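# Here is my input; please provide its structure:
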Amino acid sequence: MAIFGTKEKVKKEKKAVVRHARAAKLAEGVAHDIVRAPWFSEKALIATEKGVYAFAVPKEATKAQIASAIKEVYGVAPRAVRIVNLPAKRKNMRTRRGVGVRSARRKAYVYLNQGDTITFA
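Numbering: from 1, shown residues only. This is a model prediction of the structure:
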């Protein structure tokens with residue numbers, strides 16, 4: 001075998017995989033499990049004036065799943081989704097036990113287009 005072969009190398013073409021953030025298909029009835037509840041805090045209520053809504057979501061939910069769940073439940077297509085993981089915290093309890101642990105949580109900030117709103121209740 002020679003150092004410089006006469007065979008041409010066959011180039012392998014990489015197929016581009018197109019993944020859209022809003023292209024996730026959800027099974028029927030799963031949307032309410034992904035978007036568990038709206039997150040009502042002072043910061044979240046101020047952000048609703050700018051078209052940003054906060055929701056409690058499960059730890060395994062992805063941005064694409066959250067976006068499609070918002071579209072299915074509220075009928076509004078989000079512009080962007082951001083996710084925040086909140087760590088568990090030790091809290092003082094006013095009992096004999098003394099200290100407890102608040103569980104870790106996850107919330108999603110959903111950005112809507114101008115003019116779109118979500119009404120709760």
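
# Centroid-nearest residue for the chain?
residue 63 (3.4 Å; C-alpha atoms, centre = their mean).

# what residues are up against the spatially closest residue to residue 62 that is not a sequence neighbour?
Once flanking residues are discounted, residue 62 sits nearest to residue 24: 7.0 Å by C-beta to C-beta, 6 or more residues apart in numbering. In this view, the C-beta of every residue, glycine as well, is placed from N, C-alpha and C. Residue 24 sits next to 62, 64-65, 67-68 when contact means C-beta atoms under 8 Å, 6 or more residues apart in numbering.

# For those residues, please prepare JSON lines with the additional fields distance to residue 52.
As requested, these are exported to JSON lines (distance: C-beta to C-beta, whole Å):
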{"residue": "62", "distance to residue 52": "19"}
{"residue": "64", "distance to residue 52": "19"}
{"residue": "65", "distance to residue 52": "19"}
{"residue": "67", "distance to residue 52": "14"}
{"residue": "68", "distance to residue 52": "18"}
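
# helix or strand for the spatially closest residue to residue 93 that is not a sequence neighbour, which one?
Leaving out its chain neighbours, the residue that sits closest to residue 93 by C-beta to C-beta, 6+ apart is residue 100, at 4.7 Å. Using DSSP states H and E, residue 100 sits in strand 99-102.

# That strand packs against which elements?
strand 89-92 (3 or more C-beta pairs under 8 Å, 6 or more residues apart in numbering; DSSP states H and E).

# List the strands paired with the strand it packs on, with their directions.
strand 99-102 (antiparallel) (DSSP bridges).

# quick one: average pLDDT of the partner strand?
Across strand 99-102, pLDDT averages out at 92.

# could you dump it to PDB, C-alpha only?
Taking C-alpha atoms only, strand 99-102 is exported to PDB below (Å, rounded to 0.1, in the frame of the first residue of the first chain):
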ATOM      1  CA  VAL A  99     -35.200  23.600  60.700                       C
ATOM      2  CA  GLY A 100     -37.000  22.500  57.500                       C
ATOM      3  CA  VAL A 101     -36.200  22.400  53.800                       C
ATOM      4  CA  ARG A 102     -38.100  24.100  51.100                       C
END
